[in-house]
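Visitor: here you go, sequence then predicted model.
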Amino acid sequence: MKQIKTLLALTLVSVFVLSACGGGAATEGAPESTQAVETEGAAPATQEAATGGTVIIGTPQEPGMMNTLLTSSSIEDAVTSLFVEGLVSVNEKGEYVPVLAKELPTVSEDGLVVTWLLKEGIKWSDGSDFTCDDVRFTMEGALSDLSQVSASGYRDIESLECPDPYTVVATFGEVYAPYLRLFAYTVPDTAGALEDMETWDINRNPVGTGPFILSEWEPGDHLTFTKNPYYREEGKPNLDSVIIKILPSREVGMQLLGTGEIHALWDLTEANFPELEALKDQGVSFVSTVTGENELLSLNFGNNDGSAPADPASNPHPILYDLKVRQAIQYAIDKQTIVDSLLYGNVNPGNSAVPVGTFGCPQPVSEFSVEKANALLDEAGWTVGADGIREKDGVRMSLKIATTTGNQLREQTEQVLAEMLKAAGIELVIENVPSDVLFASWESDGMRDHGTYDIVMYTTGPSTDPDSHLYSSFHSSEIPTADNEGTGANFSRYINADVDAWLDEAATITDTAQRKDLYCKVVEQINKDLPRIYLYERLSIMAHRNEFQGLKISPTFVDFAWDSANWTLDQ
Amino acid sequence: MLTYFIRRLFQSIFTLLVISMILFGLISSVPGGFMSVYTERSDYSPEDLARIRAKLGLDDPVPVRYLKWLGNMIQGDWGNSISTKRPALQEIADRLPNTMLLMSIMLAATLLVSIPLGILSAVKQYTWFDHISTTLAFAGQSLPVFWFGLLLIIIFAVTLKGGDGKPLLPGSGMYTLGADFSLADRIKHLILPVSMLTFVSAAGYIRYLRSSMLDVINEDYVRTARAKGAGERRVIYKHALRNAIIPLVTLIALDLPALFGGALFTETIFAWPGIGRLYFNAALKTDYPLVMAILMIESALIIGSNLLVDFIYAALDPRIRLS
């Protein structure tokens, strides 16, 4: 009997140790994070305006790198936006606004010379002056061998002159229409030699012009940003510090948001709407912005036998090549119902390849009419068979739809689509694949590149300037084939001579109004020819606690901290 | 003895080489690979992609890349993480203390719980106590860790509140952000991950010790000890336990590499900044130098501890050397 007591006691000791710690902590009056940091600052007497405090922002990924020239993932772009600034930026309405430049850049008559005037007196967080030399260094960095950023645009600059420290004059070899998006970030010219880029000190101890600067990086756990002492605006930023907390997943992040352990959660998707509804009465709300991207269906004009024809007319898709069929599919889809039932009415039905921004060209939402769908298919010679699915010349109207696996919202959307198309006698067979397979490159036998699909559903859209998106998606030279080694994103194999001409012309002019006009023509033609059907506009969503205010996200989203100087925290 | 030693050593090195080949081949055949980070973005032109691919050394065929990697590794250069550009070993060294802290406390707690429970379960075979502990052990072995972890978080870090209205226990991380280091805070953060790991791994130990103890208790020498009038306590501890625990020591030795590798699921669920989480994220990004470094160290440790166990056995039992 005695030995049993000893053994039980041993077991109990371990249990006791655990519970004792829990109890002890609760009675301690737990030093919560915000208070602990706050005490370092001024005395609480000065708390008239909502200044001070620490905001903790959760993210499911960890940035690898603080050097903009070497970043690759969106979380890195997001975190670096606390300290990295560009000459121009995009505000919450999707418009370009000057940041380090005094005003938006001016362009010469022939479109070849672009001039930026820089604000004077701006300092980097190490105290050195921000000048034209830094801008030149940024360009050289983007063009260097080691850079991992897109060199588009910078490659076309023939010379970049600094007539005085606050004037940047870039001369292009040929007109580069989306010049506004250049220098969306800047790198200090004190960073080091370009060939040592991978070991620069600023990779982990960054220097920036923005309101905050990194003061501590605990790998795998968090990054602490404190006020940049040299920030140009007196008294800003409002907050003392911003902590980026690395979380295991969005699900855990949602829980922590409810309990108040974090103040905001980066990068949610439409699939999180149910949870956000549930967290409303725990003081959580969200901000969102349209991204310009659409959840869409890409319809294959070419045969899906893997021949990857350069011209689908030579080997057309047996069902989808016919415009009437594509129109019928669009008529059969009730976009509003998808939005209302799956997305809680929080998003707009898709309508345009370029829905927002400086070049935004919204269109009326397509009409939903099963009758018209059926009439068009009858007209095209597709007759309803015994099982309710249409047939023509022995071909059954059965289409495969593929999207990324493991995405519940997408899977639900597919099921709804299958129901809707069935009403028009079209069978939709769901065959999803992992995202790596769906988006695989030409070399990896990517299904989009090789055209081995009927319909794929995914998200894409223009970044702030639609030039490269529209060109690569709809220009006939961008059809991936064996000859061009799979270059381009015209996965529908869509060819329209007018669209080609408009896109070619738009790339050679810099006048915003003229370009917008041409892009709108393209957008309208796309909605007539229907290589893509736009289901709904994608949002960028950030959830936050109500006491954390001033969070404004722009359609580019990744630079969610562009206005972080004005963030406040009610305490 | 020396020939046996040398033979086993060479076998181990060969095994490691084969493992490295298989691992490298598997990682290289991940569709998309590290480049998918770039190809999914619309603002990269084909020229950009070609330049980046070349810079990352992805242009060479897989066998060439493997040989390059192997050559560098033998010379002590384990490569740089693709996403952070820092040496892979540096990344690992940053996380190692966190993982060691979590795993060593877990191991200690596991032994503290499982040895008494295992013995008691065997001694009191088929009593209510045995039934309960065996059932719990089964539960511990069968519960999916990621589900169980989330359950613990929801119960202790969301639903249950402490005296001050705040959640009873922190659900993630190693310490309270912004607060100075305090032992109490660290222990609070350890409770949930350690409890879960202990529950899961103690289950195996308890069942192992129970059956090994049952074998021994029925041995003749235990009966002899009883017949000679030794007290029950003396019989259990001096005679039975000493013999029953030998296989357990082997088990522990084989579990030691986990001190390095950490617990992938646990670290991921509880946001513990250790090796397991580092590995998980590196694998997601196909950051192959980092993935390879972690897997190779882990493999070497597992093979090394097997080797150690073999040598100890060989030293103890001459018959093994000859076979």
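Guide: Sure thing, it's come through.
Visitor: lowest-pLDDT helix or strand in chain A?
Guide: Every helix and strand in chain A was compared by mean pLDDT, DSSP states H and E; the lowest is helix A:33-38, with a mean of 35.
Visitor: show me which positions of the helix or strand just after that one end up buried.
Guide: Next along the chain after helix A:33-38, taking DSSP states H and E as the criterion, comes strand A:54-59. Using 16 or more other Cβ atoms under 10 Å in any protein chain shown as the test for burial, strand A:54-59 gives A:54-59. C-betas here are computed from N, CA, C, even on glycine.
Visitor: B:D180 should be in a strand, yeah?
Guide: No. According to DSSP: H, G, I helix; E, B strand; the rest coil, B:D180 belongs to no strand; its state is coil.
Visitor: and the gap between it and chain A?
Guide: As judged by Cβ to the nearest Cβ, to the nearest Å, B:D180 and chain A stand 7 Å apart.
Visitor: check contacts around the residue of the stretch 201-323 of chain B found nearest chain A.
Guide: Closest contact between the stretch 201-323 of chain B and chain A, by Cβ to the nearest Cβ, is at B:P273 (2.9 Å). Shown in contact with B:P273 (Cβ atoms under 8 Å, 6 or more residues apart in numbering or on different chains): A:218-221, A:246, B:95, B:98, B:173-174, B:267.
Visitor: cool, and A:T460?
Guide: Contacts of A:T460 by Cβ under 8 Å, 6+ apart are A:293-294, A:296, A:469, A:473, A:489, B:42.
Visitor: just give me the closest of these to B:D215.
Guide: A:E293 (64.7 Å; Cβ to Cβ).
Visitor: what about the chain, any weak spots by pLDDT?
Guide: You didn't pick a chain, so chain A it is. For chain A, applying pLDDT under 70 flags the ranges A:1-50, A:464, A:556-558.
Visitor: that's the wrong chain, I meant chain B
Guide: B:31-33, B:37, B:39-43, B:178, B:317-323.
Visitor: mind giving me the domain ranges of it?
Guide: Taking automatic domain parsing as the reference, chain B has its domains at B:2-74, B:92-286.
Visitor: so which of the ones you listed comes closest to B:S81?
Guide: Shortest distance between B:S81 and these, using Cβ to Cβ, is found for domain B:92-286: 7.2 Å.
Visitor: what residues are up against the most centrally placed residue in chain B?
Guide: When Cα atoms, centre = their mean is applied to chain B, the residue found nearest the centroid is B:A258 (2.6 Å). For B:A258, the contact set (Cβ under 8 Å, 6+ apart) comprises B:M103.
Visitor: quick check: B:L56 touching B:I82?
Guide: Yes. If you go by Cβ atoms under 8 Å, B:L56 and B:I82 touch, sitting 6.3 Å apart.
Visitor: when the two are compared, which one has more neighbours?
Guide: B:I82 (23 against 16; other Cβ atoms under 10 Å in any protein chain shown).
Visitor: surely B:T15 forms part of a helix?
Guide: Yes. Using three-state DSSP, the secondary structure at B:T15 is a helix.
Visitor: got a list of what it touches?
Guide: B:I303.
Visitor: and it, how far is that from B:W78?
Guide: Using Cβ to Cβ, to the nearest Å, we find B:T15 at a distance of 19 Å from B:W78.
Visitor: one more: A:P229?
Guide: Taking Cβ to Cβ, one finds A:P229 at 38 Å from B:W78.
Visitor: same thing with A:A278?
Guide: Going from A:A278 to B:W78 by Cβ to Cβ gives 46 Å.
Visitor: more crowded one of those two?
Guide: Higher neighbour count among A:A278 and B:W78: B:W78, with 21 against 12, using other Cβ under 10 Å.
Visitor: show the backbone phi and psi for the more buried one.
Guide: Torsion angles at B:W78 (phi, psi; degrees, to the nearest 10) stand at phi -90, psi 10.
Visitor: that one touches B:N72, doesn't it?
Guide: Yes. Counting by Cβ under 8 Å, B:W78 does reach B:N72; the two are 7.4 Å apart.
Visitor: how many residues are close by residue 239?
Guide: I went with chain A, as the question did not name one. Residues within reach of A:L239, counting by other Cβ under 10 Å, total 25.
Visitor: hmm, I had chain B in mind actually
Guide: Using other Cβ under 10 Å: B:H239 sits among 20 other residues.
Visitor: now the helices for the stretch 201-323 of chain B?
Guide: Along the stretch 201-323 of chain B, counting by DSSP state H, counting those that start in this stretch, helices occupy B:220-227, B:232-234, B:242-255, B:258-261, B:264-269, B:275-284, B:288-316, B:318-322.
Visitor: can those helices go into CSV with extra columns for distance to A:Q255?
Guide: Compiled in CSV, the helices of the stretch 201-323 of chain B are given as follows (distance: least, Cβ to Cβ, whole Å):
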stretch, distance to A:Q255
helix B:220-227, 52
helix B:232-234, 48
helix B:242-255, 31
helix B:258-261, 27
helix B:264-269, 11
helix B:275-284, 18
helix B:288-316, 29
helix B:318-322, 52
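Visitor: which residues in the stretch 201-350 of chain A form strands?
Guide: Taking DSSP state E, counting those that start in this stretch as the test, the strands found in the stretch 201-350 of chain A are A:212-218, A:222-227, A:241-246, A:264-268, A:284-299.
Visitor: correction: the stretch 51-200 of chain A
Guide: So, for the stretch 51-200 of chain A - with DSSP E, counting those that start in this stretch - the strands run A:54-59, A:88-90, A:96-98, A:106-107, A:113-117, A:157-164, A:167-172.
Visitor: with only the CA atoms kept, save the fifth one in PDB.
Guide: The C-alpha coordinates for strand A:113-117 follow below in PDB (Å, rounded to 0.1, in the frame of the first residue of the first chain):
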ATOM      1  CA  VAL A 113      11.900  61.600 -70.200                       C
ATOM      2  CA  VAL A 114      10.400  61.200 -66.700                       C
ATOM      3  CA  THR A 115      11.200  63.700 -64.000                       C
ATOM      4  CA  TRP A 116      10.600  63.300 -60.300                       C
ATOM      5  CA  LEU A 117      11.100  66.100 -57.800                       C
END
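Visitor: and it, which residues are buried?
Guide: For strand A:113-117, a neighbour-count test (16+ other Cβ under 10 Å) marks A:114-117 as buried.
Visitor: export those to JSON lines and tack on distance to chain B?
Guide: Shown next, in JSON lines, are those (distance: Cβ to the nearest Cβ, whole Å):
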{"residue": "A:V114", "distance to chain B": "19"}
{"residue": "A:T115", "distance to chain B": "24"}
{"residue": "A:W116", "distance to chain B": "20"}
{"residue": "A:L117", "distance to chain B": "26"}
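Visitor: touching chain B at all, the one helix or strand A:K400 maps to?
Guide: Using DSSP H and E, A:K400 maps to strand A:398-402. No. Judged by Cβ under 8 Å from any Cβ of the partner chain, strand A:398-402 stays clear of chain B, getting no closer than 14.5 Å.
Visitor: show residues contacting that strand.
Guide: Here strand A:398-402 has contacts from A:297, A:319-320, A:389, A:414, A:417-418, A:421, A:426-433, A:438, A:447, A:453-457, using Cβ under 8 Å, 6+ apart.
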